[in-house]
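Got a sequence here, can you build the structure:
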Amino acid sequence: MFKKIIERYLHMDLDYLLKGGFWLFLSQGFSLLFSALAAIAFANFLPKETYGQYRYLLAIFGYLTLFSMRNVGRATIQATARGYEGSLMPGFKMRVRWSFLGSAAAVFFAGYYFLRGNFVLGISFLMIALFMPLIAPSDSYHAHLRGKQLFKFLSKSSIIIQFLFTIAIILTLLLTDNIIFLVLTYFFSQTVLNYFFFYLTIKKFPPNKKQDPKTLSYGKHLSFIEALDIISLNFDLVLLWYLLGAEIVAVYSFAWAVPQKVMGVFSGPMYPLAFPKMSRRTPEELKRNMPRKAFFLFLFLLPITLLYIIFAPLIFKVFFPTYLEAVFYSQICSLTILFLPEALFSYSLMAQMKTKLIYINKLIYPLFRIILLVILTLLYGIMGAILALLIAQFCKLILSMILFKKI
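Model (predicted):
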């Protein structure tokens with residue numbers, strides 16, 4: 001009876017959700033566990049200054065992956081869901097070629113820090129330059145698995161990768177707090193593990209030869225469209241780094257650590273579950289059903305957010321005692337969990353390949369976010385950065401809902 005009510009009211013295929021969602025939520029649950037273990041190790045074995053440097057390096061690496069055409073993967077999911085699997089390897093090769101531009105940019109950063117006498121960051125950026133063409137496209141097989149809805153294999157591979165990666169990071173922290181070895185561990189382990197499962201995916205689930213000629217060009221469009229969005233995602237860390245220093249970046253990162261992982265538990269499965277289905281729906285079907293699903297998701301997330309706000313002081317006291325100053329900030333950050341339903345409207349635009357509407361969404365929001373971050377961070381420091389992200393996320397929800405009505 002309950003199943004019929006949910007399917008009738010929300011127009012959801014519960015059998016599909018439970019079958020695929022079980023493995024995806026299991027993967028996200030293990031991700032939360034492994035991330036928590038790594039965070040505990042970082043909090044207890046690594047000085048704040050060093051952790052701030054580590055987070056800064058990963059933020060810049062996130063910028064450099066812009067050159068790798070990372071959204072070719074999303075276009076591949078959309079094509080694979082429709083039976084066009086042949087773009088996997090051409091898309092991978094294209095991402096490798098473009099990634100060398102990221103390597104060149106990393107060499108520029110290395111030279112800048114060598115000239116300033118900071119050999120630690122200089123060497124770290126040289127390692128990023130070396131690994132960039134390898135690691136940036138290494139997750140391309142995810143698109144193939146998601147498009148074919150092979151969630152069980154995808155989730156098992158993700159769990160194994162996260163488990164081994166977490167062990168590698170923790171062992172490194174037990175042996176040294178040297179940032180160079182931490183960066184080397186991060187990139188080497190991720191590269192080796194991803195390519196191992198890339199090989200297994202191709203062997204176990206070989207793609208057919210059918211190609212949609214629009215896939216790669218659409219992936220390029222998505223990558224260019226989201227460039228400003230990706231820049232805005234790490235802009236808060238980089239801004240705080242230059243304005244307030246590495247220790248503040250460390251405190252800020254821990255304030256977001258748990259809320260972001262809680263969001264990941266739900267947003268991680270949401271994309272691979274929803275996107276292939278959305279790609280096969282008509283605009284009329286999406287308009288009819290998506291608002292109700294978004295509202296239901298909001299109601300589901302509300303008590304989770306309140307529980308985190310209540311228990312955040314205890315979580316930090318037990319697991320992150322050196323970051324107690326981040327507790328209040330983290331409670332405020334957790335409010336972003338409530339804006340997660342916005343993703344359903346954004347995914348609808350991409351699934352329907354509404355390029356013009358995607359451009360509007362991906363340009364207005366990140367630009368507004370960057371402007372808010374500059375103004376409010378200069379005025380109020382960490383709290384200003386957090387408030388800027390909350391305000392920007394609320395505005396993104398409104399904008400996505402308006403654009404969704406136009407598909």
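
so where do the strands sit in the stretch 151-300 of the chain?
Using DSSP state E, counting those that start in this stretch, the stretch 151-300 of the chain contains no strands.

where exactly do the helices run in it?
Applying DSSP state H, counting those that start in this stretch to the stretch 151-300 of the chain gives helices spanning 151-175, 179-204, 214-225, 227-244, 246-279, 283-319.

List just the one of the ones you listed that sits closest to residue 377.
helix 227-244 (5.5 Å; C-beta to C-beta). Backbone N, C-alpha and C define where each C-beta goes, glycine included.

which other helices and strands contact the longest helix seen in the chain?
Longest helix in the chain, counting residues (DSSP state H): helix 355-404. Contact here means 3 or more C-beta pairs under 8 Å, 6 or more residues apart in numbering; DSSP states H and E; on that basis helix 355-404 packs against helix 214-225, helix 227-244, helix 246-279, helix 283-319, helix 327-333, helix 342-351.

Make JSON lines from the ones you listed and add mean pLDDT to it.
Listed next are the helices and strands packed on helix 355-404 as JSON lines, based on pLDDT from 0 to 100:
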{"stretch": "helix 214-225", "mean pLDDT": "76"}
{"stretch": "helix 227-244", "mean pLDDT": "87"}
{"stretch": "helix 246-279", "mean pLDDT": "82"}
{"stretch": "helix 283-319", "mean pLDDT": "89"}
{"stretch": "helix 327-333", "mean pLDDT": "96"}
{"stretch": "helix 342-351", "mean pLDDT": "80"}
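
Buried deepest among these, which one?
Of all the helices and strands packed on helix 355-404, helix 342-351 carries the top mean neighbour count, a mean of 23, counting by mean count of other C-beta atoms under 10 Å.

before we move on, back to that, now the helices of the stretch 151-300 of the chain in a markdown table, with distance to residue 56?
What follows is the helices of the stretch 151-300 of the chain, written out as a markdown table (distance: least, C-beta to C-beta, whole Å):
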| stretch | distance to residue 56 |
| --- | --- |
| helix 151-175 | 17 |
| helix 179-204 | 10 |
| helix 214-225 | 24 |
| helix 227-244 | 5 |
| helix 246-279 | 6 |
| helix 283-319 | 22 |
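
and of these, who's closest to residue 384?
Nearest of the helices of the stretch 151-300 of the chain (C-beta to C-beta): helix 227-244, 9.8 Å.

related to what we said a few turns ago, pLDDT averaged over the longest helix of the chain - what is it?
Mean per-residue pLDDT for helix 355-404: 89.

between that helix and helix 214-225, how many degrees?
70 degrees (axes from the mean of the first three to the mean of the last three C-alpha atoms, to 10 degrees).

which helices and strands sit right next to whichever strand or helix holds residue 22?
Using DSSP states H and E, residue 22 sits within helix 14-45. Applying 3+ C-beta pairs under 8 Å, 6+ apart, we find helix 14-45 packed against helix 2-10, helix 151-175, helix 246-279, helix 283-319.

and of those helices, who's closest to residue 223?
That would be helix 246-279 among the helices and strands packed on helix 14-45, by C-beta to C-beta, at 16.4 Å.

angle of that closest one against helix 14-45?
Using the same axes, to 10 degrees: helix 246-279 against helix 14-45 is 170 degrees.

mind giving me the domain split of this protein?
12-213, 226-407 (automatic domain parsing).

quick check, distance from the shortest one to the centre of its chain.
This means domain 226-407. 10 Å (C-alpha atoms, centre = their mean, to the nearest Å).

So residue 200 sits against residue 157, correct?
Yes: between residue 200 and residue 157 there is a contact under C-beta atoms under 8 Å: 7.4 Å.

between those two, who's got more neighbours?
residue 157 (22 against 13; other C-beta atoms under 10 Å).

So the residue lying closest to the more buried one once chain neighbours are set aside versus residue 128, what's the distance?
In space, and not counting its chain neighbours, residue 157 is closest to residue 197: 4.3 Å by C-beta to C-beta, 6 or more residues apart in numbering. According to C-beta to C-beta, to the nearest Å, residue 197 stands 22 Å off from residue 128.

Please say which of those two ends up with more neighbours.
residue 128 (25 against 22).

And for the more buried one, nearest residue in space, chain neighbours not counted?
Nearest non-adjacent residue to residue 128 (C-beta to C-beta, 6+ apart): residue 106, at 4.4 Å.

With residue 325 instead?
Nearest one to residue 325, counting by C-beta to C-beta, 6+ apart, is residue 251 at 6.0 Å.

what sits against the one you found?
48, 323, 325, 326, 329, 382 (C-beta atoms under 8 Å, 6 or more residues apart in numbering).

Now the buried members of those residues.
48, 323, 326, 329, 382 (16 or more other C-beta atoms under 10 Å).

nearest to residue 90, of the helices of the stretch 151-300 of the chain?
Of the helices of the stretch 151-300 of the chain, nearest to residue 90 by C-beta to C-beta is helix 214-225, at 6.4 Å.

Name the surrounding residues that touch the closest one.
Residues contacting helix 214-225 (C-beta under 8 Å, 6+ apart): 66, 69-76, 78-79, 84, 87, 90-91, 94, 350, 353, 355, 358-359, 362-363.

hang on, residue 340 packs against residue 300?
No: Residue 340 is not in contact with residue 300 according to C-beta under 8 Å; the separation is 9.6 Å.

Tell me which residues touch the residue nearest to residue 128, please.
Residue 106 neighbours (C-beta under 8 Å, 6+ apart): 64, 125, 126, 128, 129, 132.

Including pLDDT, distance to residue 171 and secondary structure, could those residues go into CSV?
Shown next, in CSV, are the contacts of residue 106 (pLDDT from 0 to 100; distance: C-beta to C-beta, whole Å; DSSP: H, G, I helix; E, B strand; the rest coil):
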residue, pLDDT, distance to residue 171, secondary structure
64, 91, 27, helix
125, 96, 24, helix
126, 96, 23, helix
128, 95, 21, helix
129, 96, 25, helix
132, 93, 25, helix
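
would you turn these into CSV with distance to residue 305?
Shown next, in CSV, are the contacts of residue 106 (distance: C-beta to C-beta, whole Å):
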residue, distance to residue 305
64, 33
125, 38
126, 42
128, 35
129, 40
132, 37
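
Relative to residue 318, which of the residues you listed is nearest.
residue 128 (34.2 Å).

where's that closest one relative to residue 322, distance?
Applying C-beta to C-beta to residue 128 and residue 322 gives a distance of 28 Å.

same deal with residue 404?
Taken as C-beta to C-beta, the span from residue 404 to residue 322 is 43 Å.
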